[in-house]
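Undergrad: Just to be clear, the model below is a prediction. Sequence and coordinates:
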Amino acid sequence: MRFIRLAICSLAAFGSSAAASPAPSSTPAAALRLYVLDCGRATLADGAPASDTGNHDGVPLELADPCFVIRHPRGWLLWDAGLPPDQPSAPGLRVQPGAALDAQLRAIGVTPDDITYVAFSHLHFDHVGNAQRFTRATWILNRDELAWAEHEPPHVSMVPRLFSAYHTAKTQLIDGDHDVFGDGRVRILKAPGHTPGSAVLWIDLREPGPVILSGDLYLTREGRRDHDVPAVNASRADTLASFDRVERIARRSHARIVIQHDPRDYAALPRPPGFLR
């Protein structure tokens with residue numbers, strides 16, 4: 001456990017309700033697109049942080065750290081903002097920066113100023129690393145998550161300076177599930193546990209069908225299978241309840257769960273200018 005806290009603290013220093021199927025939509029399916037951006041990756045020499053029951057102890061763990069951009073007829077949404085581009089490595093942890101973000105955005109025809117909304121699965125540093133670039137967007141923030149993130153001294157893996165732009169940006173505070181564009185096709189679904197305001201994103205795509213972006217609800221495919229609770233976690237009981245809720249929603253809506261941090265799930269997604277729709 002000492003290694004777990006040292007590895008995660010090193011990075012930070014640098015830088016259940018019943019399941020309900022999302023509402024039906026009247027928005028043309030072909031109008032929605034999901035783009036996947038390279039926002040870095042990290043390799044832990046010891047994967048112990050991925051499970052509080054020792055399932056990954058002593059085994060190296062590679063984590064992808066993508067950002068996602070959703071094009072909707074009513075605007076653009078950035079979901080998660082990846083690792084900071086200048087994130088250094090630390091003992092037991094190798095960090096690789098993502099490709100230049102502006103170039104990736106240009107490949108899909110947008111700039112940071114074109115993004116309508118920014119939202120996060122949670123506010124750990126590896127999900128907000130490029131957030132400061134999107135100052136003209138409306139930031140959708142969970143109220144409980146924001147209170148947790150601004151705790152003094154900061155909780156492990158929270159780096160408030162990385163998301164401080166919300167102080168001057170337009171913000172929209174939410175308390176639970178949220179329909180981003182108002183037509184039921186892109187929905188933030190509460191999934192607390194890893195942090196008090198953790199969430200996943202449900203997207204009603206035509207091909208391959210609905211998709212759920214996992215945030216940190218799951219870190220690996222094996223973690224989903226085994227219901228691994230991360231060692232750094234706000235509430236074990238809430239995490240287990242969120243597993244159940246999201247799996248029920250996935251079954252009812254026939255949604256594919258994309259595990260954001262799993263390199264295999266990341267590798268199976270298209271790269272700009274390609275997209276899912």
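TA: Looks like it came in fine.

Undergrad: hey, let's count contacts and neighbours off CA atoms from now on
TA: OK.

Undergrad: Report the contact partners of the residue nearest to Ala45 when sequence neighbours are not counted.
TA: Nearest residue to Ala45, sequence neighbours excluded (CA to CA, 6 or more residues apart in numbering): Pro60, at 4.6 Å. Contact partners of Pro60, counting by CA atoms under 8 Å, 6 or more residues apart in numbering, are 43-47.

Undergrad: Pro60 and Pro230, how far apart?
TA: 15 Å (CA to CA, to the nearest Å).

Undergrad: Can you pull out the low-pLDDT segments for the stretch 151-277 of the chain?
TA: Counting by pLDDT under 70, the stretch 151-277 of the chain contains no low-confidence segment.

Undergrad: re earlier: let's have the contacts of Pro60 in TSV, adding neighbour count and secondary structure.
TA: Below are the contacts of Pro60 laid out as TSV (neighbours: other CA atoms under 10 Å; DSSP: H, G, I helix; E, B strand; the rest coil):
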residue	neighbour count	secondary structure
Thr43	17	strand
Leu44	23	strand
Ala45	17	coil
Asp46	19	coil
Gly47	19	coil
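
Undergrad: of the residues you listed, closest to Pro66?
TA: Thr43 (14.3 Å; CA to CA).

Undergrad: Residues in a beta bridge with the closest one, which ones?
TA: Glu62, Arg94 (DSSP bridges).

Undergrad: pLDDT score assigned to it?
TA: If you check Thr43, the pLDDT there is 97.

Undergrad: Surely it is in contact with Leu61?
TA: Yes: between Thr43 and Leu61 there is a contact under CA atoms under 8 Å: 5.6 Å.

Undergrad: quick one, phi psi at Glu222?
TA: phi -70, psi -40 (degrees, to the nearest 10).

Undergrad: Can you report how many residues neighbour it?
TA: Neighbourhood size, Glu222 [other CA atoms under 10 Å]: 13.

Undergrad: What of the one 10 residues further on?
TA: Close neighbours of Val232, defined as other CA under 10 Å, add up to 19.

Undergrad: That one: what's its closest spatial neighbour, skipping adjacent residues?
TA: Nearest one to Val232, counting by CA to CA, 6+ apart, is Pro49 at 6.8 Å.

Undergrad: so who does that neighbour touch?
TA: Contacts of Pro49 by CA under 8 Å, 6+ apart are 4, 56, 230-232.

Undergrad: before we move on, back to that, just put the contacts of Pro60 in TSV and tack on distance to Ile212.
TA: Listed next are these as TSV, based on distance: CA to CA, whole Å:
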residue	distance to Ile212
Thr43	24
Leu44	25
Ala45	29
Asp46	28
Gly47	24
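
Undergrad: Kind regards, and thank you for your time.
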